[in-house]
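Student: return atomic coordinates for the entry below.
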Amino acid sequence: INTHFDKIKMQNISKDELVYDPVLLRLTYSSNDLMKTWIYKRSSFFRELTDYFAMNYTDHEIYEWLFEPYVDYCNGFRSIIDSERINVYDVNVGFVNIYDHDSQCFYIVDEVSRKPSVQDFLEKMLWLIVTKSNNLGKIMVPLYDNHVQEMYLDGEDRFIYLDHEEYGRCSTNIFITHPDVERIKTYASIIGKGNVSLSNPSLKMDITLNSIPHRFSLDSPPLVLATSLNIRNLTVQYMNTQKLIKSDTITAEAMAYLIFLAMNRLNIVICGEPNSGKTTLANIIDSELPKVWRRIYIEDVVESLNLKDKDAHQIKIQTTPFEQGAKVFRKSTEIVKLLHRSPDWIYLGEIQTKEHTKAMFHAFSMGLKGIATTHAASIEGLFYRWTKHYMIDPNSIRLINAIVLMGREITDSGKIIRYVKNIAEIDNDGNPVIIFNRINGKLIRTINSLFDSQNIKNLIMNGKSYEEIKTLLLNILNKINGGIINEEIYK
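Tutor: Residues are numbered from 1 along each chain as shown. Purely as a prediction, here's the structure:
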């Protein structure tokens, strides 16, 4: 051993470099026999290294598979690191550096500079073992970062890019190799309860790391030319009402109206393009409902809130994702079975197909009340799909009391802006009537008073008094505004 360290000192190689760089190790020991005599008995980890050498793998391949740093510090990032750093923060498992380079945002992960103290050395080693075992080590920093809304990979041997809450679309220095992708596939197959194969190239799963829930969506060949990966941070959907209003996603009045409808058990459908904030809005409405209600959720990936701290009665049914070939638990079947589970309120996440849609309307026609999310570019387009493609009877559409259309825009800097585009009620003929519309960037009520809405008129016809409705609306608005009541909007 002393001879070994003497040899290191002669080449000015530190012990740390020896441990983390097999290329230097190879240069130090040209003879495999010498390397094996000292290392083979020391660690099974180094035994694996010597086995790779014995199988004539190149130094570069071994470096990639066993010792590659989690992030890339190649020369391509030198100019970025030398440019203006606009922020740096710690996410416990590494440091994030935000750089502005040529009007483009870069999310640079720095794990090398993290030097654990003696006290947390064991914890650090356990964390390294875990990240190695679940194959998520390279992307662990953005996974732990609550500011990261979504991560994307367009194929093997490429860099991850992501959407940051504050800085928008960012490039990163996280390089994902082909072996990395294969490891993630294996992990996804185990956790997602389905194999990625030629006949089933897509997989969707949910996973919680450090109390942060994520949704993984993976597509592999032959469906795509190169494996693509999408990871969404679901804590982004855990916004509160005030934050949603402050971000100009919705007005306090419109939010109060939707909560009012839900508290009166009127059916709401929230539609919009992907990643437009549909589930976020559904979760906020759901969180405001009485805790004594028996709520049943049907989702393929759990994105609804856990309201355990509010002592809410929740039953969550997780169905087989649409992306998975063999449907073990079909969403449409579970929706129909809701009738025998006696819910006060149902939550239907991602109504995607004709089968799902028919099951939803079947549930509403049987008297079940709740909220659902679906994809659509416009309310008119949603109606057209329902009536023409899915052959839904226009009379059945009157079972829905309100439809919310979410919008989404990407600024020049890559920042994603989500907002309520309009809110519509369904008239007696089954046609949508816009009562809130976004004009020049502002969500405006298009009727004189909320008491002119068809839903409130129907509630009054069914026995609710004007004062009872007004009191509930003002109480909701009072809570949203933090105690400031504005009765002007109801005049």
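
Student: partner residues bridging the residue nearest to Val292 when sequence neighbours are not counted?
Tutor: Spatial nearest neighbour of Val292, excluding adjacent residues (C-beta to C-beta, 6 or more residues apart in numbering): His313 at 7.1 Å. The way it works is simple: take the backbone N, C-alpha and C, and place the C-beta from them, glycine included. On the basis of DSSP bridges, His313 is bridged to Arg294.

Student: His313 and Lys291 touch, don't they?
Tutor: Yes. Under the criterion of C-beta atoms under 8 Å, His313 makes contact with Lys291 at 7.4 Å.

Student: tell me which of those two has more neighbours.
Tutor: Using other C-beta atoms under 10 Å as the criterion, His313 and Lys291 rank with His313 on top: 15 against 12.

Student: got a list of what the more buried one touches?
Tutor: Lys291, Val292, Trp293, Arg294, Arg295 (C-beta atoms under 8 Å, 6 or more residues apart in numbering).

Student: at 7 Å instead, please
Tutor: Trp293, Arg294, Arg295 (C-beta atoms under 7 Å, 6 or more residues apart in numbering).

Student: how near is the second one to Ile315?
Tutor: Going back to what we said before, that points to Arg294. Arg294 sits 8 Å away from Ile315, going by C-beta to C-beta, to the nearest Å.

Student: for the last one, same thing?
Tutor: Distance, Arg295 to Ile315, by C-beta to C-beta: 7 Å.

Student: just want to know which of the two has more residues nearby.
Tutor: The neighbour count for Arg295 versus Ile315, taken as other C-beta under 10 Å, is higher for Arg295 (21 against 12).

Student: and the more buried one, what's its pLDDT?
Tutor: We have a pLDDT of 95 for Arg295.

Student: my guess is it meets Gln314, correct?
Tutor: Yes. Using C-beta atoms under 7 Å, Arg295 is in contact with Gln314, at 5.2 Å.

Student: show me where pLDDT drops low in this structure?
Tutor: 1-83, 111-135, 192-194, 236-239, 322-328, 482-491 (pLDDT under 70).

Student: following the lengthiest strand in it, which helix or strand shows up next?
Tutor: In the chain, taking DSSP state E as the definition, the longest strand is strand 416-426. Proceeding N to C from strand 416-426, the next assigned helix or strand is strand 432-439, under DSSP states H and E.

Student: pull up the pairing partners for the following helix or strand past that next one, direction included.
Tutor: Proceeding N to C from strand 432-439, the next assigned helix or strand is strand 442-445, under DSSP H and E. Each strand paired with strand 442-445, and its direction, by DSSP bridges: strand 432-439 (antiparallel).

Student: buried ones in the partner strand?
Tutor: Of the residues in strand 432-439, Pro432, Ile435, Phe436, Asn437, Arg438 count as buried by neighbour count, 16 or more other C-beta atoms under 10 Å.

Student: contacts for that strand, please.
Tutor: Counting by C-beta under 7 Å, 6+ apart, 254, 379, 383, 403, 419, 421-427, 443-447, 453-454 sit against strand 432-439.

Student: how about a cut-off of 6 Å?
Tutor: 254, 379, 421-425, 427, 443-447, 453 (C-beta atoms under 6 Å, 6 or more residues apart in numbering).

Student: got the CA coordinates for it in CSV?
Tutor: Listed next in CSV are the C-alpha coordinates belonging to strand 432-439 (Å, rounded to 0.1, in the frame of the first residue of the first chain):
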residue,chain,number,x,y,z
PRO,A,432,-72.0,26.9,-24.0
VAL,A,433,-72.5,30.5,-22.7
ILE,A,434,-69.4,32.4,-21.8
ILE,A,435,-69.7,34.2,-18.4
PHE,A,436,-66.0,34.9,-17.8
ASN,A,437,-63.8,35.8,-20.8
ARG,A,438,-60.1,36.9,-21.0
ILE,A,439,-59.9,40.2,-22.8
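
Student: just to revisit the earlier point, now render the contacts of His313 as JSON lines, adding distance to Asn87.
Tutor: Shown next, in JSON lines, are the contacts of His313 (distance: C-beta to C-beta, whole Å):
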{"residue": "Trp293", "distance to Asn87": "42"}
{"residue": "Arg294", "distance to Asn87": "45"}
{"residue": "Arg295", "distance to Asn87": "39"}
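
Student: just the residues you listed now: which is nearest Thr471?
Tutor: Distance to Thr471 across these (C-beta to C-beta) is lowest for Trp293, with 20.2 Å.

Student: that closest one: how many residues sit nearby?
Tutor: 16.

Student: is it true that Ala363 lies in a helix?
Tutor: Yes. Counting by DSSP: H, G, I helix; E, B strand; the rest coil, Ala363 falls inside a helix.

Student: now for it: which residues touch it?
Tutor: Per C-beta under 6 Å, 6+ apart, neighbours of Ala363: Ile335, Leu338.

Student: any idea how far it is from Asn264?
Tutor: 18 Å.

Student: helices of the stretch 201-350 of the chain, residue ranges please.
Tutor: Listed in chain order, the helices found in the stretch 201-350 of the chain under DSSP state H, counting those that start in this stretch are 241-246, 252-263, 278-287, 331-336.

Student: wait, isn't Cys170 in contact with Tyr107?
Tutor: Yes. Using C-beta atoms under 6 Å, Cys170 makes contact with Tyr107 at a distance of 4.0 Å.

Student: between those two, which one's more packed in?
Tutor: Using other C-beta under 10 Å as the criterion, Cys170 and Tyr107 rank with Tyr107 on top: 26 against 23.

Student: and the contacts of stretch 376-391?
Tutor: Contacts for stretch 376-391 (C-beta under 6 Å, 6+ apart): Cys271, Lys354, Thr357, Ile392, Pro394, Ile403, Leu405, Ala424, Pro432.

Student: so how many other residues sit close to Glu409?
Tutor: So Glu409, with other C-beta under 10 Å, has 10 neighbours.

Student: just Ala256 next, same as before
Tutor: Other residues close to Ala256 by other C-beta under 10 Å number 25.
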